[in-house]
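> With the sequence up front, the predicted model follows.
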Amino acid sequence: MLELEEVIYYWKDRLLPHPPMTSKHWPDVVKDTISYLEQLQNLKKGA
């Protein structure tokens, strides 16, 4: 689970403006991904 925490912290510090890749802007995509990973991490810690 440590690897997931490292990924979350890595991306939290690197949310910089970037041209849109999809209908959302890149920082929004990354923030949504981090949020999802944090939810998974919390579920696993509670299990």
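Perfect, thanks for sending it. Only a predicted model underlies this, so the values are computations on that prediction, with no experimental measurement involved.

> Which positions in the lowest-mean-pLDDT helix or strand in the chain come out as buried?
One helix or strand of the chain scores below all others by mean pLDDT, DSSP states H and E: helix 2-12, with a mean of 76. With burial defined by 16 or more other CB atoms under 10 Å, not one residue of helix 2-12 is counted as buried. Placement of C-beta: from N, CA and C, glycine included.

> List the contacts of it.
With CB atoms under 8 Å, 6 or more residues apart in numbering as the test, helix 2-12 has contacts from 30, 33, 34, 37, 38, 40, 41.

> Just want the angle from the longest helix seen in the chain to helix 2-12.
Using DSSP state H, we find that the single longest helix of the chain is helix 26-46. Angle of helix 26-46 versus helix 2-12, following axes from the mean of the first three to the mean of the last three CA atoms, to 10 degrees, is 150 degrees.

> And helix 26-46, what does it pack against?
For helix 26-46, the elements it packs on are helix 2-12, judged by 3 or more CB pairs under 8 Å, 6 or more residues apart in numbering; DSSP states H and E.

> Okay then, goodbye and thanks.
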